[in-house]
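Q: Just to be clear, the model below is a prediction. Sequence and coordinates:
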Amino acid sequence: MKSKLDKKINLLTLLSSIVSLSIVTINTPSIGIVSAQQTSSDITYLGVDMSGFYTRDPQARDPSYDLPANYFEDSFKILSEAGMNHARFVLFWESYVKDPASFMSELNAVAKAADKWGIKVIYDNHQFHTSSWLNPERGTGFPSFLFENNLIYSSGSGGSPTYQTAKVWWTDWWNRSTKDANGSDGWTLLADFLKKIVTTVDAHPSTLGYEILSEPQVHNIDQWEKIGNFNTFITNELRTLTQKTIAYSMNIPVDLKGPIGVNPENLAKMAPADKTNVIFKVSLYGIPSPNTYQEDRLDIFIQAGQLAEVPLYIGEWNNVVREKTINEEGEVAIQISPELSDINQNEANFIVKRFKDVNVWGMAYWQWRIDTHEIATYNLIGTDVTGALQTTNYFDILKNAYSSVYPEITSRNSTS
């Protein structure tokens, strides 16, 4: 039987342990933002940006390519066998309006093939140059019914950030004054479209989540909080149907010294009020070496995620070189040079290692598409003489970069 002295010693030891534990708890730094809010245990998502056909079909032009037979099945099989576990699937609102039945049929095919091969998909509501209404040559995004009833948004008047029409349209969008011919609210119409996506694919185990709107344009410093209000509205609407990941996107243009105030504090204002299972999607098209624009840009994104308390998702990455040129709309612009752009194995490894060092939630390489792009690094696949999918040397570089930096993930996911 223990003595009274033994009991006192044991009690003092217990009290000392409790005090020590309290001190350690008080003085221990909080868990890193990304790891604390990781939406799927400690998984890092490694993959590509993928495009289909009917889900990226612009209203103002017809594509000049066809998808090979079993395109989605073969695509996800290749990704899975390479050890990847993720695809960010690019789709456009105006493509749904153009052909709703074919759009949804293709979406179902994506989800079923991803289920089979264990690829987790973020469905990305994408826009490039706002809409094919404003840029018939290259633009895709918002449907024509949001433009055609307003003479200010004349067809072909320019959808990239340098054009006055785009500035006016995006300002109206953030002010929530954009309406269709019936007077219906644009934000509500977009929410209804995204809800159709959720209803179609949410039950699939491959569905990881949804991106609200890729790379929206900002034209005034007063628009950051308005974008936050927009992202809050859409998130709240989607949360009536899904609890899966929701991504909100960085803006364009990203001029770190420009008048719109691209800084961590303003970028953080874009976050929705409800940040549960929410991630911040950014793009990086260059090597983030020390003392470079790309590194400065990445640092700003990291700080913005920390301020917003959400994980960072590199939804698009590649290595390209930009130069001044005359764009398809006849204006001087900074555009990618196909001749100067390239990526080698060491550069790809460096970029992926940098992402790992900052503990990103996931990453997707731009891009996996069947039609050949003039920028060589954008071509991960093509077809052989039989019409079957065939990967390029850039896919080998990507696969090797992921396996070199994340062997614990790629070896676990590989089915080869």
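A: Cool, got the structure. Numbers count the residues shown, from 1 in each chain.

Q: Tell me where the stretch 51-200 of the chain has strands.
A: 86-91, 120-125 (DSSP state E, counting those that start in this stretch).

Q: Comparing those, which stretch has the densest surroundings?
A: Across those, the average number of neighbours (mean count of other Cβ atoms under 10 Å) peaks for strand 86-91, which reaches a mean of 27. All C-beta atoms are positioned from the backbone trio N, CA, C, and that covers glycine.

Q: Dump it to PDB, keeping only the CA atoms.
A: What follows is strand 86-91, C-alpha atoms only, in PDB (Å, rounded to 0.1, in the frame of the first residue of the first chain):
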ATOM      1  CA  HIS A  86      -5.900  14.500 -60.200                       C
ATOM      2  CA  ALA A  87      -7.400  16.400 -63.100                       C
ATOM      3  CA  ARG A  88      -8.800  19.900 -63.200                       C
ATOM      4  CA  PHE A  89     -11.500  19.600 -65.800                       C
ATOM      5  CA  VAL A  90     -12.100  22.800 -67.800                       C
ATOM      6  CA  LEU A  91     -15.600  23.600 -68.800                       C
END
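
Q: Direction included, what does it pair up with?
A: Paired with strand 86-91 in the same sheet, following DSSP bridges, are strand 45-51 (parallel), strand 120-125 (parallel).

Q: how about TSV for these, with mean pLDDT and distance to residue 84 added?
A: Output for the strands paired with strand 86-91, formatted as TSV (pLDDT from 0 to 100; distance: least, Cβ to Cβ, whole Å):
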stretch	mean pLDDT	distance to residue 84
strand 45-51	98	5
strand 120-125	98	10
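
Q: I'd like to know which of those strands is closest to residue 345.
A: When these are compared by Cβ to Cβ, strand 45-51 sits nearest residue 345, at 16.2 Å.

Q: And the closest one, how far out from the chain middle?
A: Taking Cα atoms, centre = their mean, to the nearest Å, one finds the center of strand 45-51 at 9 Å from the center of the full chain.

Q: for the stretch 301-416 of the chain, what spans make up the strands?
A: For the stretch 301-416 of the chain, the strands defined by DSSP E, counting those that start in this stretch occupy 312-318, 322-326, 332-336, 362-368, 381-383, 389-391.

Q: For those, please prepare JSON lines with the additional fields mean pLDDT, mean neighbour count and distance to residue 251.
A: Listed next are the strands of the stretch 301-416 of the chain as JSON lines, based on pLDDT from 0 to 100; neighbours: other Cβ atoms under 10 Å; distance: least, Cβ to Cβ, whole Å:
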{"stretch": "strand 312-318", "mean pLDDT": "98", "mean neighbour count": "25", "distance to residue 251": "13"}
{"stretch": "strand 322-326", "mean pLDDT": "75", "mean neighbour count": "11", "distance to residue 251": "18"}
{"stretch": "strand 332-336", "mean pLDDT": "74", "mean neighbour count": "14", "distance to residue 251": "16"}
{"stretch": "strand 362-368", "mean pLDDT": "98", "mean neighbour count": "25", "distance to residue 251": "17"}
{"stretch": "strand 381-383", "mean pLDDT": "96", "mean neighbour count": "16", "distance to residue 251": "30"}
{"stretch": "strand 389-391", "mean pLDDT": "97", "mean neighbour count": "17", "distance to residue 251": "33"}
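
Q: just so I have it, where are all the helices in the protein?
A: All helices of the chain, identified by DSSP state H, fall at 4-27, 33-36, 71-81, 93-98, 100-117, 164-174, 186-201, 224-238, 264-268, 293-308, 345-357, 393-405, 407-413.

Q: coming back round to it: export the strands paired with strand 86-91 to JSON lines and tack on distance to residue 164?
A: Converted to JSON lines, those look like this (distance: least, Cβ to Cβ, whole Å):
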{"stretch": "strand 45-51", "distance to residue 164": "30"}
{"stretch": "strand 120-125", "distance to residue 164": "25"}
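
Q: who wins for proximity to residue 402 among these?
A: Taking Cβ to Cβ, strand 45-51 is the member of the strands paired with strand 86-91 nearest to residue 402, at 4.9 Å.

Q: Return the angle between stretch directions for that closest one and helix 345-357.
A: Orientation check (axes from the mean of the first three to the mean of the last three Cα atoms, to 10 degrees): strand 45-51 against helix 345-357 gives 120 degrees.

Q: Show me the contact partners of strand 45-51.
A: Strand 45-51 is contacted by residues 75, 79, 83-90, 119-120, 124, 208, 313, 315-316, 361-370, 380, 398, 402, 406, 409-410 when judged by Cβ atoms under 8 Å, 6 or more residues apart in numbering.

Q: In the stretch 251-400 of the chain, where is pLDDT below threshold?
A: For the stretch 251-400 of the chain, the stretches with pLDDT under 70 are 325, 327-333.

Q: ditto for the stretch 1-150 of the chain
A: Applying pLDDT under 70 to the stretch 1-150 of the chain flags residues 1-41.

Q: do that again at 50, thanks
A: 1-40 (pLDDT under 50).

Q: can you tell me which residues contact residue 381?
A: Contacts of residue 381 by Cβ under 8 Å, 6+ apart are 75, 78, 368-370, 389-392, 395.

Q: Report the beta-bridge partners for it.
A: Counting by DSSP bridges, residue 381 forms beta bridges with residue 391.

Q: Would you check how far apart it and residue 394 are?
A: Plainly put, residue 381 is 9 Å away from residue 394 if you go by Cβ to Cβ, to the nearest Å.

Q: same check, this time on residue 147
A: Taken as Cβ to Cβ, the span from residue 147 to residue 394 is 36 Å.

Q: Tell me which of the two has more neighbours.
A: Neighbours were counted for residue 147 and for residue 394 using other Cβ atoms under 10 Å; residue 147 has more, 23 against 20.

Q: pretty sure residue 360 contacts residue 314?
A: Yes: taking Cβ atoms under 8 Å as the definition, residue 360 is a contact partner of residue 314 at 5.5 Å.

Q: The residue nearest to residue 298 when sequence neighbours are not counted - how many residues pack around it?
A: Of all residues not flanking residue 298 in the chain, residue 288 sits nearest, at 4.6 Å (Cβ to Cβ, 6 or more residues apart in numbering). When neighbours are defined as other Cβ under 10 Å, residue 288 has 19 of them.
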